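>>> model this:
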Amino acid sequence: MKWKLFVAVLAFALLLEDAAAAVCDNLLDFSYRRLASSQEKNLCEAYAGNVILVVNTASRCGFTGQFSDLEALYQAHREDGFVILGFPSNDFNQELPDEEGTADVCFLNYGVTFPMFATTTVRGDEANDLFRALAAAQAEPRWNFTKYLIGRDGEVLDSFGPRVRPMNSELEAAVVAALGD
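Numbering: from 1, shown residues only. Next comes the predicted model:
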């Protein structure tokens, strides 16, 4: 009897492992270092099943003030399974040269609590794997604060240019719709 129970538990554990692997077999299955930290996060392991907004950011951009609205959007919907992932980039020559300065802008100046990752490349041949996948699904960011909405299944639902405000806009409506699905 104990043997049958052991086999059943083992089979169930293998089934769960296969299900987790299948969930992570999408554009989120990449690991990135957190901003001003040595900690790495696998996006799929950490955020699978959530509605995700990926944003390329810059500390010295005319759209940097959107950090406040992004944080408000995150706070308004995070309890419903929504997360924002910020990726600072200097692709448009508007990011600070040191991560500590970038972290200060995000965390101290704007009170960002959503996950921010280390400065990275988001365009061209040197783009990180996530942004290459996002570009293939939609388009490359043409400027800072381009936003990509990813559904709970890991599929890209839409993208929004930098002029689209996070709150009280078609972006927030799309987030709410994705959360309701």
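>>> where are the low-confidence patches of the protein?
Across the chain, the ranges flagged by pLDDT under 70 are 1-25.
>>> and with 80 instead?
Scanning the chain for pLDDT under 80 picks out 1-26, 181.
>>> Strands of that one, start to end?
31-33, 40-42, 51-57, 82-88, 147-150, 156-160 (DSSP state E).
>>> Show me what the second one pairs with in its sheet, parallel or antiparallel.
This means strand 40-42. Here strand 40-42 has these sheet partners by DSSP bridges: strand 31-33 (antiparallel).
>>> Could you give me the buried positions within the strand it pairs with?
Tyr32 (16 or more other Cβ atoms under 10 Å). No exception for glycine: its C-beta is placed from N, CA and C like everyone else's.
>>> and the strands of the chain as a markdown table, adding distance to Pro115?
Conversion of these to a markdown table gives the following (distance: least, Cβ to Cβ, whole Å):
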| stretch | distance to Pro115 |
| --- | --- |
| strand 31-33 | 9 |
| strand 40-42 | 7 |
| strand 51-57 | 10 |
| strand 82-88 | 5 |
| strand 147-150 | 14 |
| strand 156-160 | 18 |
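>>> Now tell me what touches stretch 88-106 from outside.
35-36, 56-61, 64, 67, 86, 112, 116-124, 141, 143-144 (Cβ atoms under 8 Å, 6 or more residues apart in numbering).
>>> Swap in 6 Å and give it another go.
35-36, 56-61, 112, 116, 119-120, 122-123, 144 (Cβ atoms under 6 Å, 6 or more residues apart in numbering).
>>> go on, stretch 116-136?
By Cβ under 6 Å, 6+ apart, stretch 116-136 touches 27, 30, 32-33, 35, 56, 86-89, 91, 95, 106, 140-141, 148.
>>> Show the buried residues in those.
Here, 16+ other Cβ under 10 Å leaves 27, 30, 32, 35, 56, 86-89, 91, 95, 106, 140-141, 148 buried among the contacts of stretch 116-136.
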